[in-house]
Every structure is written in structure tokens, then in C-alpha cells.
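**Q** any chance you can model this:
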Amino acid sequence: MNEVLAVLFAVAGGLAGGLVGVGGGVLFVPALTVFLGLSQVEGESTSLLIIVIVALVGAARQRSYGNLQPRDALVIGVLSPLGVLIGVVISNTVPERALELSFAALVLFVAYGLVRRALTQEA
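**A** Numbers count the residues shown, from 1 in each chain. From the prediction side, this is the model:
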């Protein structure tokens with residue numbers, strides 16, 4: 001059963017990454033922790049590797065459509081590993097419950113921002 005859920009979330013995460021560019025991390029971390037029993041740190045770590053693969057495939061495809069902004073990608077790509085290093089140190093020092101609540105808060109904050117933006121653009 002867990003393997004079936006893993007496949008479904010892999011497809012859903014890839015679909016989300018391709019449609020809206022979230023890389024699936026919003027789906028991968030909860031799926032890995034809730035349905036596959038990984039710890040929060042294991043789920044986040046595994047999701048990071050999955051996101052690299054999904055991002056490379058998505059970026060290659062979007063490049064063929066002319067949607068890729070190489071300069072922006074380069075800036076973010078060069079600076080992001082610094083944040084990752086800091087995040088890894090923090091995630092291995094704070095309680096797992098704090099990570100779970102922080103991730104949930106981040107997802108809610110992003111969802112609020114997306115809904116607000118969508119409603120503002122309609123008006």
C-alpha cells in the first residue's frame with residue numbers, strides 16, 4: 001500500500017512541478033513523512049534530491065518553450081546552496097516537532113499568498 005501511495009505522490013508531485021513550478025516539495029515532504037513513515041529530516045532530505053531531478057527535467061522542457069531565464073536561475077542556483085547548508089545545520093539541531101510545525105506554517109503562508117494574488121489579479 002505504501003508503495004502505491006509513493007507512486008501516486010511521485011506523479012502528483014511531478015505534475016505539480018510541471019504545472020506550477022513548485023518542484024513537488026509541497027507534496028513530497030508530507031507524503032514521505034505521513035504515508036511512508038520517514039522522519040521530518042529524512043523527508044526533507046529525500047525531497048531535496050527528488051526536487052533536483054524534477055527541476056532539471058522541468059527546466060529543460062521549459063527551456064524549449066523559451067520560458068527559462070538563465071540569469072535568474074544562475075543567481076538562485078549559486079546562492080541557494082548557502083541557504084541549504086545553513087538549513088541542514090539548523091534542521092539537525094532543532095526538535096523534529098519544530099520542523100514539522102515550521103513546514104506546515106510555511107505551506108499555509110505560501111497558500112495564503114497564492115490565493116491573495118489570484119484574487120487580486122481577477123479584480
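**Q** name the SS class of Gly37, please.
**A** coil (DSSP: H, G, I helix; E, B strand; the rest coil).
**Q** now it. Nearest residue, chain neighbours left out?
**A** Excluding the flanking residues, the one nearest Gly37 by CB to CB, 6 or more residues apart in numbering is Asn2, at 7.6 Å. Just so you know, the C-beta spots here come from the backbone N, C-alpha and C atoms, and that holds for glycine as well.
**Q** and the pLDDT for that neighbour?
**A** Looking at Asn2, its pLDDT is 75.
**Q** then the one 3 residues further on?
**A** Each residue has a pLDDT score; the one for Leu5 is 80.
**Q** now it. Nearest residue, chain neighbours left out?
**A** Using CB to CB, 6+ apart, the closest residue to Leu5 is Phe35 (4.5 Å).
**Q** count of neighbours near the one you found?
**A** Burial measure for Phe35: 15 neighbouring residues, criterion other CB atoms under 10 Å.
**Q** just Arg117 next, same as before
**A** 10.
**Q** just Phe9 next, same as before
**A** Neighbour tally, Phe9, other CB under 10 Å: 20.
**Q** which helix or which strand is home to it?
**A** Taking DSSP states H and E as the definition, one finds Phe9 inside helix 2-20.
**Q** the lengthiest helix in the chain: which residues count as buried?
**A** Counting by DSSP state H, the longest helix found in the chain is helix 96-122. Across helix 96-122, burial judged by 16 or more other CB atoms under 10 Å covers 99-100, 103.
**Q** lowest-confidence entry in these?
**A** Phe103 (88).
**Q** thought that residue was touching Leu32?
**A** No - using CB atoms under 8 Å, Phe103 is not in contact with Leu32, being 11.5 Å away.
**Q** number of nearby residues for Val26?
**A** 19.
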